[in-house]
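Engineer: below is the sequence, then the predicted model.
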Amino acid sequence: MIFKEYAQHDGLGLAELVRRKQVSPEDLVDSALDAIERLNPKVNCVVQKLRDHAMGEIKAGLPLGPFRGVPFLVKEFGMHFKGMVSSAGSRLGQGMRHEHDTVMMERCRAAGLVTVGTTTLPEMAFNANSEALLYGPTRNPWNLDYSAGGSSGGAGAAVGCGMVPIAHANDGGGSIRIPAAVNGLVGMKVTRGRTPGGPDMGALLWGLGVEFVETRSVRDSAAMLDAIAGPDDGYYYTAQPPKRGFLASAMTPPGALRIGVVDAMPGAMKTAPENLARLSDTVKLLESLGHRCEPLTFDYDAPTFNESTIRLWATTLGYYMEQFAKITGRKIGPDTAERVTLAVYEYGRSLKAFQIEEAMAQQNAITRGVCTAMRGYDVVLTPGLGRDVARLGELDQNAPNLDMLGWWNHIIQNYSTFTPLFNTTGQPAVMLPLWQAKSGLPMAMQFVGHLGDEETLYSLAGQLEQAQPWAQRRAPNYA
């Protein structure tokens, strides 16, 4: 049975209806798949629909977790379940089958989530949009001519158009936060080591990467982190445990906070006037809530930051490409990889071990400087993006004549200027959809906390969600 009000509820709201026996998990699966059937031909964010898998999970007995019966989508890179077929958005990896659950997948299942499908991403998860040649373009549900972000663009679009209230995502340079910003969602990049990467990943992307989710509500994000956070067997590193819990923090307004306001990043393009105007509006909103906002500048060498990060990205991409080639038996070349991807792969192959060690030392020095500059501030505020949302085709991973540095400048320095620094520092950072641009597309602001302090971010996010509600906003293409 299809539940007509399905897309009006967040995940905790749907789980409450299941607990009250007003709807069944089977009803929610049918409702999610109905939304996918209706919207996916337009948005193109779901790769596989897994009704039999979902019903099998329900038949096996769902745990009594906080999201019991709630439909869920898994990105085709990173976290996975036994038997899952995925591609990482790449023709090179198409058809790979996973032989076990990851620890995070086990915890998502223990929270009661029911997996109904998989989502799109750019090739090898190395883009700020999701337009892999393998899948075709994933479109923004607010305007189908625009990007849904990346690399977790399929997840962002699926939650943004109401197919599911929660979807798996990961973030190595903004890949949770960029889709949240452009689809009108809550996107928390958690502290390095907060969520489990086992058994397959230790230091994901040399410590730049984390696994989590996209949500529409602050409370869903916080409750999900309560459910899945914590170290796993053989963990590489772990974040300090919360003092009271993430959902409890989201339900409790913060005291008066001292907030540093950053309006530009070293070496990046100038922030667009409309983004700066909404940043100013955010400062006024925060001050009306009793917080103190002050200008803050980060001072580090941009070329050093760019080059050190590029080395880590290229090394990881190249390693995975060679692993995929071994698994599938395909050769790395123009028939299996997009032009920019091949250029990045070749750059990664050219690097020597000492250059990676140097990059890590440079990342450490930048991190120490940024965290010292934040001393005395509770939170840092930045715009979500440096400019308006990209149109489809604007961030083309198959474009000719773009080397690794050119690609970095294209997708980061000239677009998502405010996200990758906090992958380097490992700090938590949350994207909140506070505003709408003149175009009608969402316009988000990013809030950054100290290492291990998602609780302050959730507390502030919950307060802002009440003060500047976004729940009633719906994309034109919505379930």
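Structural biologist: Sure, I can see it.
Engineer: quick one: contacts for residue 204?
Structural biologist: 78, 170, 172, 197, 210-211 (Cβ atoms under 8 Å, 6 or more residues apart in numbering). Quick note: C-beta positions are derived from backbone N, CA and C, even for glycine.
Engineer: ugh, typo on my part, it should be residue 8
Structural biologist: So residue 8 contacts nothing (Cβ under 8 Å, 6+ apart).
Engineer: quick check on it: phi, psi?
Structural biologist: The phi/psi pair for residue 8 (degrees, to the nearest 10) reads phi -90, psi -10.
Engineer: can you give me the distance of it to residue 216?
Structural biologist: As judged by Cβ to Cβ, to the nearest Å, residue 8 and residue 216 stand 10 Å apart.
Engineer: now do residue 186
Structural biologist: 7 Å.
Engineer: then residue 297?
Structural biologist: From residue 297 to residue 216 the distance is 33 Å (Cβ to Cβ).
Engineer: for residue 311, same thing?
Structural biologist: Residue 311 is 36 Å from residue 216, by Cβ to Cβ.
Engineer: my read is that residue 426 contacts residue 194, right?
Structural biologist: No. Contact criterion Cβ atoms under 8 Å: residue 426 and residue 194 do not qualify, at 9.5 Å.
Engineer: more neighbours: those two, which one.
Structural biologist: residue 194 (28 against 22; other Cβ atoms under 10 Å).
Engineer: is residue 52 in a helix, a strand, or coil?
Structural biologist: helix (DSSP: H, G, I helix; E, B strand; the rest coil).
Engineer: where's it relative to residue 31, distance?
Structural biologist: 17 Å.
Engineer: and stretch 230-243, end to end?
Structural biologist: End-to-end span of stretch 230-243 (Cα to Cα, to the nearest Å): 13 Å.
Engineer: that one: which residues count as buried?
Structural biologist: For stretch 230-243, burial by neighbour count (16 or more other Cβ atoms under 10 Å) applies to 230-232, 238-239, 242.
Engineer: now for those: which two are most distant?
Structural biologist: Using Cβ to Cβ, the buried residues of stretch 230-243 span at most 17.0 Å, a distance reached by 232 and 242.
Engineer: am I right that residue 293 is in a strand?
Structural biologist: Yes. Per three-state DSSP, residue 293 lies within a strand segment.
Engineer: for it, which residues are in contact?
Structural biologist: Shown in contact with residue 293 (Cβ under 8 Å, 6+ apart): 259-261, 283, 286-287, 381.
Engineer: quick check, nearest of those residues to residue 107?
Structural biologist: residue 381 (30.9 Å).
Engineer: now do the spatially closest residue to the closest one that is not a sequence neighbour, the pLDDT please.
Structural biologist: Nearest residue to residue 381, sequence neighbours excluded (Cβ to Cβ, 6 or more residues apart in numbering): residue 261, at 5.0 Å. Looking at residue 261, its pLDDT reads 98.
Engineer: and for residue 261, the neighbour number?
Structural biologist: Residues near residue 261, counting by other Cβ under 10 Å: 20.
Engineer: if any of the contacts of residue 204 are buried, put those into a PyMOL selection.
Structural biologist: To isolate the buried members of those in PyMOL, using 16+ other Cβ under 10 Å:
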select buried, resi 78+170+172+197+210+211
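Engineer: among the contacts of residue 204, which one sits closest to residue 410?
Structural biologist: Out of the contacts of residue 204, the member with the shortest distance to residue 410 (by Cβ to Cβ) is residue 172, at 16.7 Å.
Engineer: residue contacts, that closest one?
Structural biologist: Residue 172 neighbours (Cβ under 8 Å, 6+ apart): 125, 151, 204-205, 208-210, 313, 316, 423.
Engineer: kindly report the same for residue 253.
Structural biologist: Residues near residue 253 by Cβ under 8 Å, 6+ apart: 459, 462-463.
Engineer: what are the buried residues along stretch 348-362?
Structural biologist: Buried-residue list, stretch 348-362, by 16+ other Cβ under 10 Å: 348, 351, 356, 359, 362.
Engineer: so for it, what's the average pLDDT?
Structural biologist: So the average pLDDT for stretch 348-362 ends up being 98.
Engineer: how about stretch 74-85?
Structural biologist: 98.
Engineer: name the helices or strands packed onto the longest helix along the chain?
Structural biologist: In the chain, assigned by DSSP state H, the helix with the most residues is helix 302-328. With contacts defined as 3 or more Cβ pairs under 8 Å, 6 or more residues apart in numbering; DSSP states H and E, helix 302-328 has these neighbours: strand 96-97, helix 339-350, helix 353-373, helix 404-408, helix 421-425.
Engineer: go again with 7 Å.
Structural biologist: The helices and strands touching helix 302-328, judged by 3 or more Cβ pairs under 7 Å, 6 or more residues apart in numbering; DSSP states H and E, are strand 96-97, helix 339-350, helix 353-373, helix 404-408.
Engineer: show the subsequent helix or strand relative to the longest one.
Structural biologist: Past helix 353-373, further along toward the C-terminus, the next helix or strand under DSSP states H and E is strand 379-383.
Engineer: and that next one, which strands flank it?
Structural biologist: strand 258-261 (parallel), strand 442-448 (antiparallel) (DSSP bridges).
Engineer: ranking those by burial, who's on top?
Structural biologist: strand 442-448 (a mean of 26; mean count of other Cβ atoms under 10 Å).
Engineer: what is the orientation angle of whichever helix or strand comes after that one with strand 442-448?
Structural biologist: Downstream of strand 442-448, the next assigned helix or strand under DSSP H and E is helix 454-467. With axes from the mean of the first three to the mean of the last three Cα atoms, to 10 degrees defining the directions, helix 454-467 sits at 150 degrees from strand 442-448.
Engineer: for stretch 314-328, buried residues please.
Structural biologist: 314-318, 320-321, 324-325, 328.
Engineer: sorry, back to before: can you redo the buried residues of stretch 348-362 as JSON lines with distance to residue 85?
Structural biologist: As requested, the buried residues of stretch 348-362 are arranged in JSON lines below (distance: Cβ to Cβ, whole Å):
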{"residue": "348", "distance to residue 85": "26"}
{"residue": "351", "distance to residue 85": "32"}
{"residue": "356", "distance to residue 85": "32"}
{"residue": "359", "distance to residue 85": "34"}
{"residue": "362", "distance to residue 85": "39"}
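Engineer: against residue 115, how distant is residue 80?
Structural biologist: From residue 80 to residue 115 the distance is 10 Å (Cβ to Cβ).
Engineer: shared neighbours, the two?
Structural biologist: Common contacts of residue 80 and residue 115 (Cβ atoms under 7 Å, 6 or more residues apart in numbering): residue 74.
Engineer: just to revisit the earlier point, which among the contacts of residue 253 gets closest to residue 387?
Structural biologist: Using Cβ to Cβ, those come closest to residue 387 at residue 463, 27.7 Å.
Engineer: how about that closest one: what's its closest non-neighbour residue?
Structural biologist: residue 253 (4.7 Å).
Engineer: what about that neighbour, which SS state?
Structural biologist: Strictly by three-state DSSP, residue 253 counts as coil.
Engineer: how far away is it from residue 224?
Structural biologist: 21 Å.
Engineer: who does the helix or strand of the chain with the lowest mean pLDDT touch, helix- and strand-wise?
Structural biologist: Sorting the helices and strands of the chain by mean pLDDT, DSSP states H and E puts helix 404-408 at the bottom, at a mean of 91. The contact analysis (3+ Cβ pairs under 7 Å, 6+ apart) places helix 404-408 against helix 302-328, helix 339-350.
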